[in-house]
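> sharing a model prediction with you, sequence too.
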Amino acid sequence: MIRAHLTIDPSRIVGPINRRLFGSFVEHLGRCVYDGIYEPSHPTADDHGFREDVVALVRELGVSTIRYPGGNFVSGYRWEDGVGPREERPRRLDLAWHSTETNEIGLDEFATWLGKVDGELMYAVNLGTRGVLDALDVLEYANLRSGTHLSDQRIANGRREPHDIRMWCLGNEMDGPWQLGHSTAEQYAQLAATTASAMRQIDPDLELVVCGSSSAAMPTFGEWERVVLEKTYDVVDFISCHAYYEPEGDDYGSFLASAVNMDRFIDEVVATADHAKAARGTDKTIDISFDEWNVWYQSRYEEVDRITDVDDWPIAPRLLEDSYSVLDAVVFGGLMISLIRHADRVKAASLAQLVNVIAPIMTEPGGPAWRQTTFYPFSLTSKLARGVALELDLDSPTYDTAKYGQVPLVDAVATHEDGKGTTVFAVNRSLTDQVTLEIDVLALGSVADAKATSLSDDDIQAANTLDDPERVRPRDNTSLRLADGKISVTLPPVSWTVLTFESSGR
Ligand code: AHR
């Protein structure tokens, strides 16, 4: 029998769990907005055209902050197209996704929808094809109470109260050659610094996110962060990280270890930010907004989805509609473990994306909405990660991967709230073997009411589909035992598990 061992000590605190870690992302892309959250002809649509079945699932998912309106889309977006009377809103080309944007939904409608799901709006400004003035305009429209041209325009559009958006992204993935307005680190840093300073002249308390690299694999990664932070350090609060994972061929061993790459990425960005801090001799710390992360079969987009025909500019095409397997969900759960493990520096994160587009929630026009496999690790982590993240002593056998060398078979993180309980999130990356995880909880005093839930399946490619929407779901893990200050639980091969228990404290 293969065993792994971990010890929980509630005094070894990494940092508080910020609710913003459970954010998501809604981009005007494919069927995320149109035929996703918004489908006026759907039987469950409310008076605004929002699908109530989707609202219910988003609430169940437990998302906090939602980044909007892009993504690559934002770099060609004119925010003012999406406000005011609908019949006057222009249709525009969306160059990022080779689609037509109808502008039926814009800032005000999205804010209304966010009210229904109790979400916080995180707004990205266009620094790709626009700049400082545009950012100031949308800020004035959104956040100024009244008495200026744009704030009064918002009121005339039926929104008396300001949206009071606190988090703002200064553009999107400006290091990427695919990005409209792609620039060098120096050019972007200059524009981001000027924009941030100007926005702070309206409101010094805004929380501003400067673009880091669109992936740790970018040739400019590291140097990009150094240059950008050198120029923007004093006027921003976060630097962004983006990461997407997919298997290369059938190298599932490396794929299952994707969190190793995420851990390293975070550590390297933290090191770069702290170098900038030391070089400036400042007390201010820059944190990470991991504002795009997921499993994404990007190769499928390139080979199948991408629209290139010069005459083809569809409205809400089916793009990036990945169907997620159990294998994907286990990798996904592992990525959430990595984010929580870095709770001291990753203070916000956005699962990209929310509905239909590389999403935990899928919909059929006129038909049902359902939960993908990835829905479950997200909803359970959002619900059960409470209090503080703990540093663990984890002793696990390792296995060899093509990409990352020797990697622990089991990965885990714990969160703890005094008087309320402890939660352990764990993955077993073995493709073949179950692993018995023994957890030493002596430092927590007497422990009771331990429960475990696992997501796994004999068929690791099993997925939830329109025809079989409940094929995969988490189940009670009845192998759990509690005796002599130790909990033991068997983790099936390729599985994600959450374990909760109450403790008296010592
Ligand atoms: O989430 C899909 C796309 O991935 C986003 O538009 C872009 O920012 C990233 O490259």
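That came through, no problem. Numbers count the residues shown, from 1 in each chain.
> just want the phi and psi numbers for the closest residue to the ligand within the chain.
Nearest residue of the chain to the ligand (C-beta to the nearest ligand atom) works out as residue 71 at 3.0 Å. (C-beta placed from N, C-alpha, C; glycine too.) The phi and psi values for residue 71, taken as degrees, to the nearest 10, are phi 70, psi 170.
> same check on the one 3 residues further on?
Dihedral angles phi and psi of residue 74 (degrees, to the nearest 10) take the values phi -70, psi -20.
> how much space between it and residue 123?
In this view, residue 74 and residue 123 are 9 Å apart by C-beta to C-beta, to the nearest Å.
> in the protein, where is pLDDT below threshold?
Counting by pLDDT under 70, the chain shows low-confidence ranges at 505-506.
> close to the ligand: what parts of it are there?
When proximity is defined as C-beta under 6 Å from any ligand atom, the chain approaches the ligand at 27, 70-72, 172-173, 214, 292, 352-353.
> returning to that earlier point: show me which of residue 74 and residue 123 is the more surrounded one.
residue 74 (28 against 24; other C-beta atoms under 10 Å).
> surely the more buried one and residue 171 touch.
Yes - under the criterion of C-beta atoms under 8 Å, residue 74 makes contact with residue 171 at 7.4 Å.
> who touches both of the two?
Residues touching both residue 74 and residue 171 by C-beta atoms under 8 Å, 6 or more residues apart in numbering: 124-126, 128.
> quick one on the thing from earlier: pull out the buried members of the residues of the chain next to the ligand.
Among these, those scoring as buried are 27, 70-72, 172-173, 214, 292, 352-353 (criterion: 16 or more other C-beta atoms under 10 Å).
> output the longest helix belonging to this protein.
Ranked by residue count under DSSP state H, the longest helix found in the chain is helix 258-280.
> now do it: which elements does it pack against?
helix 223-232, strand 238-245, strand 287-295, helix 326-341 (3 or more C-beta pairs under 8 Å, 6 or more residues apart in numbering; DSSP states H and E).
> pull the residues that contact that helix.
With C-beta under 8 Å, 6+ apart as the test, helix 258-280 has contacts from 212, 216, 221-222, 225-226, 229-230, 233-234, 239, 241, 243, 245, 284-288, 290, 293, 295, 331, 334-335, 337-339, 341-342, 345-346, 401, 403-404, 407, 411, 427.
> residue 41: neighbour count?
Residue 41: 9 neighbours (other C-beta under 10 Å).
> make that residue 315, sorry
Neighbour tally, residue 315, other C-beta under 10 Å: 14.
> outline the domain layout of the chain.
Residue ranges for the domains of the chain, per automatic domain parsing: 2-9+389-503, 18-384.
> mean neighbour count, those domains: which tops it?
Mean neighbour count (mean count of other C-beta atoms under 10 Å) peaks for domain 18-384 among the domains of the chain, with a mean of 20.
> how long is it end to end?
13 Å (C-alpha to C-alpha, to the nearest Å).
> how about stretch 473-489?
19 Å.
> how far does that stretch sit from its chain's centre?
With C-alpha atoms, centre = their mean, to the nearest Å as the basis, stretch 473-489 stands 29 Å off its chain's centre.
> I figured residue 118 hits residue 61, correct?
No - between residue 118 and residue 61 there is no contact under C-beta under 8 Å: 11.3 Å.
> what sits against residue 339?
21, 262, 290, 293, 346, 349.
> need the max-distance pair from the residues you listed.
By the measure C-beta to C-beta, 21 and 262 form the most distant pair in the contacts of residue 339, at 13.2 Å.
> got a markdown table for the helices and strands packed on helix 258-280, with distance to residue 97 too?
Listed next are the helices and strands packed on helix 258-280 as a markdown table, based on distance: least, C-beta to C-beta, whole Å:
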| stretch | distance to residue 97 |
| --- | --- |
| helix 223-232 | 24 |
| strand 238-245 | 16 |
| strand 287-295 | 15 |
| helix 326-341 | 22 |
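> what is residue 239 paired to in the beta sheet?
residue 210, residue 288 (DSSP bridges).
> try residue 5
Bridge pairing for residue 5 - DSSP bridges - gives residue 395, residue 438.
> with residue 487 as the reference, measure out to it.
Distance of residue 5 to residue 487, given as C-beta to C-beta: 11 Å.
> joint contacts of those two?
Residues touching both residue 5 and residue 487 (C-beta under 8 Å, 6+ apart): 438-439.
> residue 356 reaches residue 364, doesn't it?
No - contact criterion C-beta under 8 Å: residue 356 and residue 364 do not qualify, at 9.6 Å.
> how about the residue of the chain closest to the ligand, what does it touch?
With contacts defined as C-beta under 8 Å, 6+ apart, the neighbours of residue 71 are 25, 27-29, 96, 124, 172, 292, 352-353.
> kindly recompute the last result at 10 Å.
Residues near residue 71 by C-beta atoms under 10 Å, 6 or more residues apart in numbering: 25-29, 32, 77, 96-97, 124, 169, 172-173, 291-292, 352-353, 357.
> how about the strands in the stretch 401-506 of the chain?
Assigned by DSSP state E, counting those that start in this stretch, the strands in the stretch 401-506 of the chain fall at 405-408, 410-417, 421-428, 435-440, 447-455, 475-476, 481-483, 486-491, 495-503.
> mind putting these into a markdown table with distance to residue 269?
Shown next, in a markdown table, are those (distance: least, C-beta to C-beta, whole Å):
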| stretch | distance to residue 269 |
| --- | --- |
| strand 405-408 | 21 |
| strand 410-417 | 19 |
| strand 421-428 | 22 |
| strand 435-440 | 30 |
| strand 447-455 | 29 |
| strand 475-476 | 37 |
| strand 481-483 | 39 |
| strand 486-491 | 30 |
| strand 495-503 | 25 |
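> and of those strands, who's closest to residue 137?
Across those, residue 137 has its closest neighbour in strand 410-417 (40.9 Å, C-beta to C-beta).
> tell me the angle that closest one makes with strand 486-491.
On the basis of axes from the mean of the first three to the mean of the last three C-alpha atoms, to 10 degrees, strand 410-417 is oriented at 130 degrees to strand 486-491.
> possible to save the buried ones among the residues of the chain next to the ligand as a markdown table with distance to residue 90 and secondary structure?
Listed next are these as a markdown table, based on distance: C-beta to C-beta, whole Å; DSSP: H, G, I helix; E, B strand; the rest coil:
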| residue | distance to residue 90 | secondary structure |
| --- | --- | --- |
| 27 | 19 | coil |
| 70 | 18 | coil |
| 71 | 20 | coil |
| 72 | 20 | helix |
| 172 | 22 | coil |
| 173 | 25 | coil |
| 214 | 29 | coil |
| 292 | 28 | strand |
| 352 | 27 | strand |
| 353 | 25 | coil |
